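>>> Pasting the sequence and the predicted model now:
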Amino acid sequence: MSDDTDETHQRLKAAVHYTVGRLCQKIGEDHRREFSRQVIAAIAETTFRQCDVFAKDLEAFARHAKRSTVNTEDVKLAARRSTALSIYIQNKSEELTQEQRDLKKKGTGKRKSRDTEEDSRE
Amino acid sequence: MAEKDVEICFKKETISRLLSSFFNEDRTKLSGDATLLMAEMLKIFVQEAAVRSQKQAESEDCDQVDIEHFEKILPQLVSSLTGSTKYSF
C-alpha cells in the first residue's frame, strides 16, 4: 500500500508543480522578473507539504464536529489565522453558495450538486 | 462578451486526491465545495509565495527570482498562516 502512496504522491507532486510553474510564470511576466526552476520547485514542494498540514487540520476539525466529511466550515476554520485569507475564503464560499442557488433556480437537474459527498479516495 | 483570461488554478481532482492522501483515517472524505475552497486557498498560498519572493528579489536588485529570495520570505509566509506572534522587545 505504501508503494501506491509513493507513486500517487509523485504524480500529485508533478500536478502541483505544473500549476505552480504556471502561476509563477504569470507573476514573473507581470513583474518582468523570471522565476528560476529551482525556486519554482521549492515553492511547489512547500505547497505540497502545506497540504499535509491543512489536511490534518481539516480532518481534526471535521472529527471534532463528529463528521466524517470535511466541509466548507472546516476550510474556513483552517484559514482563520490570516484575516485577509479568512475574508477571501468567506467571500469565495458565499460565491459558491450563490452559484448553487442560481443553478437550482434555473432547474438544471442534470448538474450534480457540488455539495454532495464525493468519494475522494481512489 | 469580454475576453476573459484563462484563470490558472489547481484542478479539483488533484486537490481532492492530494488532501485525501494525507488524511489519517480512511473514512474521512472531502465535500466538493470544501475541495474548491481549498484549491483557492492553495492558489493564494502560491501567489503570496511568488509575489513576496519577487519583491525580495527586487529589493536586492536581482534580475531573477531565486531560491534564496523564497527562503527569506518563507518564515513570515508560514507564520502568517499559523498566526505566530511577532515578538519584539
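Received the coordinates, thanks.
>>> all strands of chain A, in order?
Applying DSSP state E to chain A gives strands spanning A:34-35, A:69-70, A:117-118.
>>> same question, chain B
All strands of chain B, identified by DSSP E, fall at B:29-31, B:64-65.
>>> Can you tell me which of those strands is packed in deepest?
strand B:29-31 (a mean of 25; mean count of other CB atoms under 10 Å in any protein chain shown). The way it works is simple: take the backbone N, C-alpha and C, and place the C-beta from them, glycine included.
>>> Which strands border that one, and is each parallel or antiparallel?
strand A:69-70 (parallel), strand A:117-118 (antiparallel) (DSSP bridges).
>>> residues in contact with the first one?
In this structure, residues lying in contact with strand A:69-70 by CB atoms under 8 Å, 6 or more residues apart in numbering or on different chains are A:L58, A:E59, A:F61, A:A62, A:E117, B:L19, B:T28, B:K29, B:L30, B:S31, B:A34.
>>> that older thread, now render the strands of chain B as a markdown table, adding mean pLDDT.
Conversion of the strands of chain B to a markdown table gives the following (pLDDT from 0 to 100):
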| stretch | mean pLDDT |
| --- | --- |
| strand B:29-31 | 96 |
| strand B:64-65 | 96 |
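>>> do you know which of those lies nearest A:C24?
When the strands of chain B are compared by CB to CB, strand B:64-65 sits nearest A:C24, at 7.9 Å.
>>> from the chain's centre, how far out does the closest one sit?
19 Å (CA atoms, centre = their mean, to the nearest Å).
>>> Going along the chain, name the helices of chain B.
Assigned by DSSP state H, chain B shows helices spanning B:12-22, B:32-59, B:67-82.
>>> hang on, the earlier thing: among the strands paired with strand B:29-31, where is the model least confident on average?
Within the strands paired with strand B:29-31, confidence is poorest for strand A:117-118, with a mean of 47 (mean pLDDT).
>>> Who are the contact partners of B:K12?
Contacts for B:K12 (CB under 8 Å, 6+ apart) come out as B:G32, B:T35, B:L36, B:A39.
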